[in-house]
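**Q** Take this sequence and fold it.
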Amino acid sequence: MKTVTIYTDGACSGNPGPGGWGAILEYRGREKELSGGEAQTTNNRMELTAVIRALEQLKEPCQVELWSDSKYVIDALTLGWAKSWQARGWIKPDKKPALNPDLWERLLALTAQHSVSCHWVKGHADNPKNNRCDELAVAAREAIAASEP
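**A** Got it, this is the predicted structure:
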């Protein structure tokens, strides 16, 4: 199985507001950068979208080393929260609806195709790849914000 390293980040101005996401995929010393955004979104939706869009690039099952500064994404995957929310019909243990079920459905389907190891990295710190993802996400967010009337 091929091993691919993925770094992701999301950014939002206002929550909700214009947002962007960035991702870097690494395989055998080669890198691919991805980014995009939405006019009206949240930071968590952008964090999820970054991971989804990166995983969608993979053409076959891979060993994925996923690095993100989003505790929401990393904890929900590693601690099983997302699968529990899904099993309960997108209801959390406190009986409140889980947020972003549309994106979690997509992400859980994608992670089921791969062997994913999740790693949390401190945001805006000394990880150059995470910092580059932040730059991509902010640039996408700014482009979206500038295009709004």
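
**Q** okay, and for the protein, where does confidence drop off?
**A** For the chain, the stretches with pLDDT under 70 are 149.

**Q** same thing but at 90, please
**A** Filtered on pLDDT under 90, the chain yields the residue ranges 14-15, 122-127, 145, 147-149.

**Q** so what secondary structure elements neighbour the longest helix seen in it?
**A** The helix spanning the most residues in the chain, taking DSSP state H as the definition, is helix 128-147. Contacts defined by 3 or more C-beta pairs under 8 Å, 6 or more residues apart in numbering; DSSP states H and E place helix 128-147 against strand 2-12, strand 17-27, strand 30-41, helix 43-56, strand 62-68. (Each C-beta comes from the backbone N, C-alpha and C, glycine too.)

**Q** same thing but 6 Å
**A** The contact analysis (3 or more C-beta pairs under 6 Å, 6 or more residues apart in numbering; DSSP states H and E) places helix 128-147 against strand 2-12, strand 17-27, strand 30-41.

**Q** Tell me, how many residues neighbour N131?
**A** As a burial measure, N131 scores 17 neighbours (other C-beta atoms under 10 Å).

**Q** how much space is there between the closest residue to it other than its chain neighbours and A137?
**A** In space, and not counting its chain neighbours, N131 is closest to H124: 7.2 Å by C-beta to C-beta, 6 or more residues apart in numbering. Separation of H124 from A137 (C-beta to C-beta, to the nearest Å): 12 Å.

**Q** Same question for L77.
**A** Applying C-beta to C-beta to L77 and A137 gives a distance of 19 Å.
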